[in-house]
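>>> could you work out the structure for the sequence below:
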Amino acid sequence: MDCNCEKSYIRQNIPFVNHVRDQSLANVQLFIYDVANGSGGRTYLLDFKGAKDYEGILGKLSYETTPTMTSDEVRKGLVVKIKSGLLKYILESELAEDISYTINQDGTGDIQEINFEDPWNNWIFEIYGEADLSKESSRNRFEYEVGFESDRVTEKWRIRADLELNQATSRFEQNNETFKSERLRYSAEGSIVRSLSDHWSTGIFAQARHNTFTNLDFSTSISPALEYNIFPYREVLQREIVFAYRIGYFYNDYIDTTILGKDSEGIFNHSLDIQLRYRQPWGNIYTRLRGSTFLEDFNKNRIQLFGRLSVRIFKGLAVTFSGNFEVIRDQINLPAGDASIEDVLLQQKQIATDFELGFRVGLSYTFGSAFNNIINNRL
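Reported below is the predicted structural model:
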């Protein structure tokens, strides 16, 4: 079984099968893909594949959760779905004689009509808040964040609106000197996206924000967008190759005069975003490439590349690579003058850079007993 779920709980509650440590040892392979859904919960796609004695027996099931469900409710519902998917394999096994099942509803009774009218009209709302306090002998930090999110998702429309406020205060003492830092940002974002077909969608995005770290007293932007998915959107749980183009206008009013001598300015810009995602039995691939530039000056641009690859090499051996690279030539918002010691120590302001680079690699090898049904969480 390969999934982003509580495997120990599933093994413990489906005792009539043996769970093995590697897919090459299995008679039945189960891959569970999950993605956020319109209700604010997640949709799980269960993909069953038979092997060896069960070669050619396939099955697909879906399981949807809501944001009000607890983690215990989610995992219990997932276990029920997995048991349903395993039924066709059990019927072909020696366990077929031992199957018993019940129907929760009287088969001959009248089924009550259910009113599916939604008083919220598919709207989901969330209010959140968080506070973080840390203190040492030479430094202390306090940060809080509050926000409001609203979403409405249907087959044709996706509407979002978000509000957020974040403030962080830091103090650092060194050589009898005290450095203080305050960072404040608040923002409002909204978007409306319309599905045009199985492959095309269009939308419009708007934003307003204030951010002391990026030298923005007030910034606002609006940008229409067009997106094309090579594969039908219904296959997004397993694969997608998406091209998205945006063109728009933003206006910045700066806190301090910038390195280009601007106190405020308005600029047209556009971007192309390409995303590739594959979730397959042999592993996962995710890659994103985004390029953006100003229409008035193509020398002001930014290129962002991120990739993550997880591959099952052979039985028990898996390797994971991830990395990001960013070329930055559009920092028009930087304040004039040199960065102070407070800016450097406390990360009070954004610092000029030409690029960002990061890379990670991981390797794992599992061997030993083929079976791992027993759950033991003792000390």
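>>> ok, the nearest residue to Gly40 once chain neighbours are set aside - contacts?
Setting aside the residues directly before and after it, Gly40 is nearest to Pro67 in space (Cβ to Cβ, 6 or more residues apart in numbering), at 3.7 Å. (C-beta placed from N, C-alpha, C; glycine too.) Contacts for Pro67 (Cβ atoms under 8 Å, 6 or more residues apart in numbering) come out as 39-41, 124, 126.
>>> for Pro67, grab phi and psi.
Pro67 adopts backbone torsions of phi -70, psi -20, taken as degrees, to the nearest 10.
>>> how near is it to Lys49?
According to Cβ to Cβ, to the nearest Å, Pro67 stands 31 Å off from Lys49.
>>> which stretches of the stretch 51-200 of the chain have low pLDDT?
103-116 (pLDDT under 70).
>>> can you rerun that using 50?
111, 114 (pLDDT under 50).
>>> that one: strands as residue ranges?
Per DSSP state E, counting those that start in this stretch, the stretch 51-200 of the chain carries strands over the ranges 58-64, 123-135, 139-153, 157-174, 177-195, 200-211.
>>> output those strands as CSV; include the columns mean neighbour count and distance to Asp2.
What follows is those, written out as CSV (neighbours: other Cβ atoms under 10 Å; distance: least, Cβ to Cβ, whole Å):
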stretch, mean neighbour count, distance to Asp2
strand 58-64, 14, 15
strand 123-135, 11, 29
strand 139-153, 16, 27
strand 157-174, 16, 29
strand 177-195, 15, 30
strand 200-211, 16, 30
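>>> could I get the ones you listed as JSON lines with distance to Tyr33?
Formatted as JSON lines, those follow (distance: least, Cβ to Cβ, whole Å):
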{"stretch": "strand 58-64", "distance to Tyr33": "10"}
{"stretch": "strand 123-135", "distance to Tyr33": "22"}
{"stretch": "strand 139-153", "distance to Tyr33": "19"}
{"stretch": "strand 157-174", "distance to Tyr33": "20"}
{"stretch": "strand 177-195", "distance to Tyr33": "21"}
{"stretch": "strand 200-211", "distance to Tyr33": "21"}
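>>> from what I see, Ser223 and Tyr245 are in contact.
No: the pair Ser223 and Tyr245 does not pass the contact test of Cβ atoms under 8 Å, sitting 10.0 Å apart.
>>> and the gap between Asp47 and Tyr33?
From Asp47 to Tyr33 the distance is 7 Å (Cβ to Cβ).
>>> which residues are common contacts for those two?
Joint contacts of Asp47 and Tyr33 (Cβ under 8 Å, 6+ apart) are Gln238.
>>> longest helix in this protein, please.
When the chain is parsed with DSSP state H, its longest helix is helix 71-90.
>>> distance from the chain centre to that helix, please.
24 Å (Cα atoms, centre = their mean, to the nearest Å).
>>> surely Arg158 is in contact with Trp123?
No: with contact defined as Cβ under 8 Å, Arg158 does not reach Trp123; the gap is 11.8 Å.
>>> what touches both of those two?
Joint contacts of Arg158 and Trp123 (Cβ under 8 Å, 6+ apart) are 151-152.
>>> next, count neighbours for Leu46.
22 (other Cβ atoms under 10 Å).
>>> where does it land in three-state SS?
strand (DSSP: H, G, I helix; E, B strand; the rest coil).
>>> what's near enough to touch it?
Contacts for Leu46 (Cβ under 8 Å, 6+ apart) come out as 30-32, 59-63, 81-82, 85.
>>> tell me where the stretch 201-350 of the chain has strands.
Going by DSSP E, counting those that start in this stretch, the stretch 201-350 of the chain shows strands at 216-229, 239-254, 264-280, 283-294, 301-314, 317-328.
>>> ok, which of these comes nearest Leu165?
strand 216-229 (14.8 Å; Cβ to Cβ).
>>> so what are the sheet partners of that closest one and their directions?
strand 200-211 (antiparallel), strand 239-254 (antiparallel) (DSSP bridges).
>>> okay if I get these as CSV plus distance to Glu130?
Rendered in CSV, the data for those read as follows (distance: least, Cβ to Cβ, whole Å):
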stretch, distance to Glu130
strand 200-211, 18
strand 239-254, 28
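>>> ok so, going back, now mean pLDDT and mean neighbour count too, for the strands of the stretch 201-350 of the chain, in TSV please.
Shown next, in TSV, are the strands of the stretch 201-350 of the chain (pLDDT from 0 to 100; neighbours: other Cβ atoms under 10 Å):
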stretch	mean pLDDT	mean neighbour count
strand 216-229	96	16
strand 239-254	95	16
strand 264-280	93	16
strand 283-294	93	16
strand 301-314	91	15
strand 317-328	92	15
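>>> alright, that wraps it up for me.
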